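Novice: Provide a 3D model corresponding to the input given below.
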Amino acid sequence: MVLMSAFSPGSPAPGESAAPRQPDLSELLRASARGDERAFAALYDATSRRLYGLVLRVVRDPAQAEEVAQEAFLEIWRTSARFDPDRGSAMSWMMTIAHRKAVDRVRSAEAASRRDDTWEATTQDRAYDITAEEVERSLDAQRVRQALASLTETQRGAVQLAYFGGYTHNEVAALLGIPLGTAKTRIRDGLIRLRDTLGMQS
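Specialist: Numbering: from 1, shown residues only. Modelled structure (predicted):
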């Protein structure tokens, strides 16, 4: 199975008009699991724009977002037989794969940056071991982790998805399998508690 060499999210083929209704993504996934490439192409056309947008919010770089989105679709094709509609929607399942790929890319880039920083630190003379700015940044990260730990499990999950995972409120609701209003309430209450906790730590 070969995906398009250049990532063009959601673009219809020449001469084709947009589909009059949304396709059944679960059925397309099941057909893809049976090796139906036409079904997978339809799945790609129906979801690529949303998955690319999600990946772009995480990696922040359009070129890398295209690569990561392609990797996500390859994994979706290879693992489509594992999709279980009883555990969530097809879109949520696909978005989870795309988000994991995006986070992996960011972590890989951060690890490479740390290696570069370590090399620079060990090959240049420094007048001090660590700067005040680095200490402050470390303390801030520790305060945020402690504040997150003070949230309820439901609040923490929603806040982490929305503000550390790059998901929209609608996507948080879909991933958690809860109504949109509930997702917004959890995020709002979690942020209020987070703000209050960080304020008390100041």
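Novice: contacts for stretch 174-183?
Specialist: 88-89, 91-92, 95-96, 157-158, 161, 167, 169-170, 172-173, 186 (Cβ atoms under 8 Å, 6 or more residues apart in numbering). Glycine gets a C-beta too; all of them are placed from N, C-alpha and C.
Novice: please redo it, this time with the cut-off set to 7 Å
Specialist: Here stretch 174-183 makes contact (Cβ atoms under 7 Å, 6 or more residues apart in numbering) with 88-89, 91-92, 95-96, 157-158, 161, 167, 169-170, 172-173.
Novice: looking at pLDDT only, which of the residues you listed scores worst?
Specialist: Within those, Tyr167 has the lowest pLDDT, namely 75.
Novice: spit out the contact partners of that residue.
Specialist: 161, 175 are the contacts of Tyr167 under Cβ under 7 Å, 6+ apart.
Novice: quick one: secondary structure of it?
Specialist: What DSSP: H, G, I helix; E, B strand; the rest coil gives for Tyr167 is coil.
Novice: what are the phi and psi values for it?
Specialist: phi -80, psi 150 (degrees, to the nearest 10).
Novice: quick check: ChimeraX command selecting the buried ones in the contacts of stretch 174-183.
Specialist: Buried residues among the contacts of stretch 174-183 (16 or more other Cβ atoms under 10 Å), as a ChimeraX selection:
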select :88,91,92,95,157,158,161,167,169,172,173
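Novice: check which helix or strand the most centrally placed residue in the chain maps to.
Specialist: In the chain, the residue lying closest to the centroid (Cα atoms, centre = their mean) is His99, at 2.7 Å. Element membership of His99 [criterion: DSSP states H and E] is helix 90-123.
Novice: returning to that earlier point: what is the nearest of the contacts of stretch 174-183 to Val68?
Specialist: The shortest approach to Val68 among these belongs to Met95, at 12.8 Å (Cβ to Cβ).
Novice: spatially, what comes nearest to that closest one if we skip its sequence neighbours?
Specialist: Leu54 (5.9 Å; Cβ to Cβ, 6 or more residues apart in numbering).
Novice: coming back round to it: distance to Gln64 for the contacts of stretch 174-183 - can I get that in TSV?
Specialist: Formatted as TSV, the contacts of stretch 174-183 follow (distance: Cβ to Cβ, whole Å):
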residue	distance to Gln64
Gly88	27
Ser89	27
Met91	23
Ser92	23
Met95	18
Thr96	19
Gly157	27
Ala158	27
Leu161	21
Tyr167	19
His169	25
Asn170	24
Val172	23
Ala173	27
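Novice: chain center to the host helix or strand of Ile187: distance?
Specialist: Element membership of Ile187, judged by DSSP H and E, is helix 180-201. Put simply, helix 180-201 sits 21 Å off its chain's centre (Cα atoms, centre = their mean, to the nearest Å).
Novice: which parts of that helix are buried?
Specialist: 183-184, 186-187, 189-191, 193-194, 197-198.
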